[in-house]
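Asker: just to be clear, the model below is a prediction. Sequence and coordinates:
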Amino acid sequence: NAGVMQNPRHLVRRRGQEARLRCSPMKGHSHVYWYRQLPEEGLKFMVYLQKENIIDESGMPKERFSAEFPKEGPSILRIQQVVRGDSAAYFCASSPPRGRGHYEQYFGPGTRLTVT
Amino acid sequence: AQKVTQAQTEISVVEKEDVTLDCVYETRDTTYYLFWYKQPPSGELVFLIRRNSFDEQNEISGRYSWNFQKSTSSFNFTITASQVVDSAVYFCALQETSGSRLTFGEGTQLTVNP
């Protein structure tokens, strides 16, 4: 049973470009969470999604950031017009549906975004 | 609002010493979960333990032990006979059942020297 998969593992973008980060949850998991870890800091919640629904986006920056989790395919975290301050590790986690160990979150290996 | 505080930013010990990492949390929920994660230099997050707020029994797993004290809102983590491979950043996290997000502390960088 494959774990949470994230790709790419490392991504380099120039200022002003777009960054797309992908997350494939564990099999059977229908909930996805994105967290950001800035250098030398802890992880901060960004957004919580279920298939085709954003449940909680209270941690997302107001501009340039968006997330989706379509019916088919991986969850995507999209950052438009990246700036140097977006350089960070972005972690995705998934959990089973409510009532089936929902409060366990399994983390992927992360995507390290570097903006030059 | 929920909050997790790890007051120790960095700890350095010599191999075979015991070390305790502190974690204090704040929450208004009566039901919640507490976690510890390890982040080695390779960067991934390794799950160590989850405890729910109803279970205050201390837990031991090999060289690791956890002390959950609801009265002081603390969930401390002790490594006995530390080893160089224990060197990592350790994060404490809180999850309220009224929501699903994890709230992390700022982490404690543990360095175990040979």
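Answerer: Looks like it came in fine. Numbers count the residues shown, from 1 in each chain, chains lettered A, B, ... in the order given.
Asker: just the C-alpha atoms of stretch A:22-33, please, in CSV.
Answerer: In CSV, the C-alpha atoms belonging to stretch A:22-33 read as follows (Å, rounded to 0.1, in the frame of the first residue of the first chain):
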residue,chain,number,x,y,z
ARG,A,22,1.0,17.5,-6.7
CYS,A,23,-0.2,15.2,-4.0
SER,A,24,-1.6,11.7,-4.4
PRO,A,25,-3.2,10.6,-1.1
MET,A,26,-3.0,7.1,0.2
LYS,A,27,-5.4,4.6,-1.3
GLY,A,28,-8.9,4.9,0.2
HIS,A,29,-8.2,8.4,1.7
SER,A,30,-10.5,11.1,0.7
HIS,A,31,-9.2,14.0,2.8
VAL,A,32,-6.1,16.0,1.9
TYR,A,33,-4.2,18.7,3.9
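Asker: partners of the lowest-mean-pLDDT helix or strand in chain B in the sheet?
Answerer: In chain B, no helix or strand scores lower on mean pLDDT, DSSP states H and E than strand B:59-61, which sits at a mean of 85. Sheet pairing of strand B:59-61 (DSSP bridges) gives strand B:64-69 (antiparallel).
Asker: mind listing the strands for the chain?
Answerer: Because you didn't say which chain, this covers chain A. Along chain A, counting by DSSP state E, strands occupy A:5-7, A:10-13, A:19-24, A:31-37, A:43-50, A:53-56, A:65-68, A:75-79, A:88-95, A:106-107, A:111-115.
Asker: chain B was what I was after
Answerer: B:3-5, B:10-14, B:19-21, B:24-26, B:32-39, B:46-52, B:59-61, B:64-69, B:74-79, B:88-96, B:102-104, B:108-113.
Asker: mind putting those into CSV with mean neighbour count and distance to A:H29?
Answerer: For glycine as for every other residue, the C-beta is placed from the backbone atoms N, C-alpha and C. Shown next, in CSV, are the strands of chain B (neighbours: other CB atoms under 10 Å in any protein chain shown; distance: least, CB to CB, whole Å):
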stretch, mean neighbour count, distance to A:H29
strand B:3-5, 16, 24
strand B:10-14, 13, 35
strand B:19-21, 18, 29
strand B:24-26, 16, 26
strand B:32-39, 21, 17
strand B:46-52, 15, 15
strand B:59-61, 10, 25
strand B:64-69, 17, 26
strand B:74-79, 19, 26
strand B:88-96, 23, 16
strand B:102-104, 23, 15
strand B:108-113, 17, 29
